[in-house]
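1. Let me see the structure of the following:
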Amino acid sequence: MTDLTSVQDALQSRLASQRVVFWHDPAGEYAADLDALNFGKVKVICVHDNEFGVKNTLLADHISKYLVYRSGVIPRGTANWLLDLELACGVFTADKTSMLQQELGLNDPALLPVIEQHQKFFTAISRKQALEKLVNDGDDAARLRAKMCQVLVKASGNKLTDIVRELLVENAAGKSAKFDDLVTFGLDQFFWDGLASIYRYSSATPTIDDFVLWMFSRAIEDFASTTPDEFRNIRSDFNALRYDVRTQDVMTTLASRAADALDVNAKFEHRDYRELATITIFEEIDRKVIVDLASAVATQSVVPREVADIAHQRQHSLWSAKYAKLYEAIQSASELLAAIAALPHAIASAAIGLEKYQTDWFRIDQHYRWFTYALQTADFQKPLEVLKAEVDKQYANKYLYDFGGRWQQALEPMSEWKSAALAPQAKFFNRHVAPIVKDGRTKVVVIISDGMRYEIAEELASMIRSENRFDASLSAVLGSLPSYTQLGMASLLPQSSLELDPEGLPVLADGKPTNGTANRDKVLQAVKGHAITAAEVLAMPGSELRELYTKHQVFYVYHDRIDAAGDKAPTERTVFEAAEETLRELLLLVKKWTNANATNILITADHGFLYQDIPLEQAYYVSETPQGDAVTKTNRRYVIGRSLKPSPSFMTFTSAQAGLAGDLDIQIPKSIHRIPQPGAGTRYVHGGASLQEIVVPVIAVNKKRKSDVRAVNVDLMPETDKITTGQLAVKLLQREAVTDKIQPRQVRLGLYVGDTLISDQPVLTFDSASDDQRDRYQKAVLYLTQDADQYNNRPVELRLEEPIPNTTQWKSFSKGNYTIKRSFTTDFDF
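-> Modelled structure (predicted):
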């Protein structure tokens, strides 16, 4: 495009939007080209000492369009008789800088020096076009430079925080191209001036590396200053960067680098972990808190509530994802050790023991599983080595062994294997299935997970209740003895009599074999039933499952993860991983069956299990060898035979005493003892009469028609409606305890005037399950930014926001009104 063509296009653009255009050409560069320019019906007037006549013409004719061309020196001030019209219409000039200004649509003469200073910026059409989309006619010099910075660093906005974000992202990646562009195009000093005026960062030789170090050194001190509000803007933007999921990885990278330079380890090595709980920006702090907190838990010098509070505070750490498993493990260890310490010295009766296990004691097994699995899946275990040794020792010795002995004492008076506290497992069908299907039309799905003990089922029931429109209730039955797979599976079938095979396989139900899915299907056919494996269901298309559901009234679905892993020596230490897989798969099975129109679902197990993650001591094995006329089956936890010889090491039952048909005897090693077996695993066992093995869970699942899951209610508890300093302290109340149906809520707070944010945005998590309202209060402090200064004596709005699922966006759910009443403000801008 030639210069003349550019000028004509620019003039036509002006004439398209206004009736009169003044063209100043001081050097007369285009005087000879006026006739070559084609403006159609536009009248061209040349000014040559005829200003008064020109003015009269323009004022008299309100219809025609005019181009008024002036060359030579233009009189200044009142000597220019056309000044009023030029001010009203604006003046077009065709020098390069002015052309650029006009192309950008900027009329302020004060912007000409800015454009002139940064001419190099406009040499690339791509940069010029990008800037053209951003500028507005009201932009001043600072805003124009800020938008040029936005173009160069490819930021989403032109505020200082937008520019800084892009430069920190680049710096964390070890690159500098964007900052180098600021230098190349002369905008670096503007950037440093902005950091100085807005953030209060200054240096004789500023660099991005130095700024990062300065920023984190201020953060260590929580941006404290002897000058009120000095660091309020960097505090606000720092928190925005660290809580934004898009820049958290960047901040961790920069924090690691800063920690080395600031020697964070030396600074905090002698501080108490409780004092460090709120410092959430350095990995070294997490490491120290974890090591010291784990040590305190191991010695039981800290209570579970305090551990939970510290773990809750650490959720806001930049490193929370990396260390979440360790904090989970520490919390579970704390709960476990406290629960073991609170165990009674005796169990009054078996019935009381069975009831207490369902309400309280199962939590010890659950916390042990959570602790062990969290540690197994953590990136590193060394920080918790001492704690693990203490947990394993207390769980194995004080709980499984010592307390198991107390449970054994409660069992001693039993002459028959039955209890008033729990119905026998062999009555499962009659008590749980038959009442549902008695009308001959209502259907039921029974999911049986091999080895799913009570504490796992309790977690599963909680997970199901957490799903929208699902409900789940948990009860238990007394597992059959011996508590092994074949007998447990047979006990769940419709039958009136169970009889053991001398070698344990198969178990006969009313004389019919029950081993394998095919045999169980034959038994179920008598009640319009069908047996199928979980793997078959999970692999089945939804339409096929819906069709299958129409063909039968009773469905038994057999799932096997836990026992499959635990019963083999090479894989027994993966049993807690198998438990996690079981939880996921059973929840998926429930959803799949409900999608196939099932409304009544029962989930149960054949037996539970004992597990400890450390090798067994010799004291855990019985020293006697089972004796009798015929010892037909010996397992680590039970013996089957005829005329078995009574022994102090075993509980002995006849088939009749165990609720079975036939003439076989059963022996169970007392407490948690094992019978030595070559090649067999020892950590995972079942078959005996421990609480973990014989309290067999039964979950009843129903699906509701109405939505019943919601976030916990959080209310603002205002203590004032005025903001008189550079910060606002607020108290918030979690209205109710978190449950399966009332779920935790993440809340972000911010002060706004319209859509303008004038504070930082702290994030809180409300997830307390405490019934005591005093435990559910949280406090937050919001720090005003300099944008708040212009709203003194004006109303502002405190917004409580929550995340929009599956996005990085937030939405407001509650508001509070305040008025800024400050006696001192500052005035800085970027």
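2. Could you use CA atoms for every contact and neighbour count after this?
-> Fine.
3. Is residue 604 in contact with residue 446, as I believe?
-> Yes - taking C-alpha atoms under 8 Å as the definition, residue 604 is a contact partner of residue 446 at 7.5 Å.
4. got the contact list for the nearest residue to residue 788 once chain neighbours are set aside?
-> Residue nearest to residue 788 in three dimensions, not counting chain neighbours: residue 758, with 5.1 Å by C-alpha to C-alpha, 6 or more residues apart in numbering. By C-alpha atoms under 8 Å, 6 or more residues apart in numbering, the residues touching residue 758 are 750-752, 784-788.
5. Direction included, what does the strand or helix carrying residue 731 pair up with?
-> Residue 731 belongs to strand 727-734 when assigned by DSSP states H and E. The sheet places strand 727-734 alongside strand 714-716 (antiparallel), strand 777-783 (antiparallel), with pairing taken from DSSP bridges.
6. Provide the contact partners of that strand at residue level.
-> With C-alpha under 8 Å, 6+ apart, strand 727-734 has contacts from 712-719, 766, 768, 773, 776-784.
7. Taking the centroid of the protein, which residue is nearest it?
-> residue 321 (8.7 Å; C-alpha atoms, centre = their mean).
8. so what's residue 642 bridging to?
-> If you apply DSSP bridges, the partners that residue 642 bridges to are residue 630.
9. Mind jotting down where the helices sit in the stretch 301-450 of the chain?
-> Secondary structure of the stretch 301-450 of the chain by DSSP state H, counting those that start in this stretch: the helices cover 304-314, 320-341, 350-356, 362-377, 385-393, 404-411, 428, 434-437.
10. Of the ones you listed, which is nearest residue 49?
-> helix 320-341 (77.9 Å; C-alpha to C-alpha).
11. any idea of the pLDDT on the residue nearest to residue 788?
-> On the pLDDT scale, residue 758 is placed at 92.
12. same deal with residue 480?
-> Here the pLDDT value assigned to residue 480 is 98.
13. what kind of secondary structure is it in?
-> Per DSSP: H, G, I helix; E, B strand; the rest coil, the secondary structure class of residue 480 is coil.
14. Can you give me the neighbour number for it?
-> Neighbourhood size, residue 480 [other C-alpha atoms under 10 Å]: 31.
15. Please list all residues in contact with it.
-> By C-alpha under 8 Å, 6+ apart, the neighbours of residue 480 are 424-426, 487-488, 491, 658, 694.
16. how close does it get to residue 598?
-> 29 Å (C-alpha to C-alpha, to the nearest Å).
17. So which elements touch the helix or strand of the chain with the lowest mean pLDDT?
-> In the chain, no helix or strand scores lower on mean pLDDT, DSSP states H and E than helix 96-104, which sits at a mean of 75. The helices and strands touching helix 96-104, judged by 3 or more C-alpha pairs under 8 Å, 6 or more residues apart in numbering; DSSP states H and E, are helix 3-17, strand 91-93, helix 112-117, helix 125-132.
18. Determine the angle, from 0 to 180 degrees, between that helix and helix 3-17.
-> Interaxial angle, helix 96-104 versus helix 3-17 (axes from the mean of the first three to the mean of the last three C-alpha atoms, to 10 degrees): 40 degrees.
19. angle of helix 96-104 against helix 125-132?
-> Using the same axes, to 10 degrees: helix 96-104 against helix 125-132 is 60 degrees.
20. Next, the buried residues of helix 96-104.
-> By 16 or more other C-alpha atoms under 10 Å, the buried positions in helix 96-104 come out as 97-102, 104.
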